[in-house]
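Undergrad: pasting the structure only:
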């Protein structure tokens, strides 16, 4: 047995070195930022919402109806579904052609996507039952309250 690599540091020592170095650089940058920042009070025009020379007429807090958030959330949910389903269909087709000796693999992939789609369908059914998809009804109901 030879001791050729006995004086070389292990692979984990490089990971530890770069971790300590990275954390040290971040802390040094934060310390310089804190030391060099100008010290000002909260008086004058600095705490105002707009700093472009115009005096604000109202507050910057604008309230949106919850229906807009719900529609945006549903859009993102089904947009992400499409992002997953289309590449999955392409890969499933290639999987059937390239690996014919493992028919269970494509069946497993199909069942996994079926579970994913069923979970999303349950969410859509829940939103439909709650009346979230009825735009006019929700707009008028929120105006009345």
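TA: All right, it came through fine. All values reported here derive from a predicted model rather than from experimental measurement.
Undergrad: Now do the buried residues in stretch 116-129.
TA: Residues of stretch 116-129 classed as buried by neighbour count (16 or more other CB atoms under 10 Å): 120, 124, 127. No exception for glycine: its C-beta is placed from N, CA and C like everyone else's.
Undergrad: quick one: low-confidence parts of this structure?
TA: Along the chain, the parts satisfying pLDDT under 70 run over 1-9, 40-54, 56, 60, 136-145.
Undergrad: Which members of the buried residues of stretch 116-129 are positioned in helices?
TA: 120, 124, 127 (DSSP state H).
Undergrad: which of the buried residues of stretch 116-129 lies closest to residue 16?
TA: Residue 16 has its nearest neighbour among those in residue 120, at 43.2 Å by CB to CB.
Undergrad: Please tell me how far that closest one sits from residue 128.
TA: Applying CB to CB, to the nearest Å, the value for residue 120 to residue 128 is 13 Å.
Undergrad: residues near residue 66, how many?
TA: For residue 66, the count of nearby residues is 11 (other CB atoms under 10 Å).
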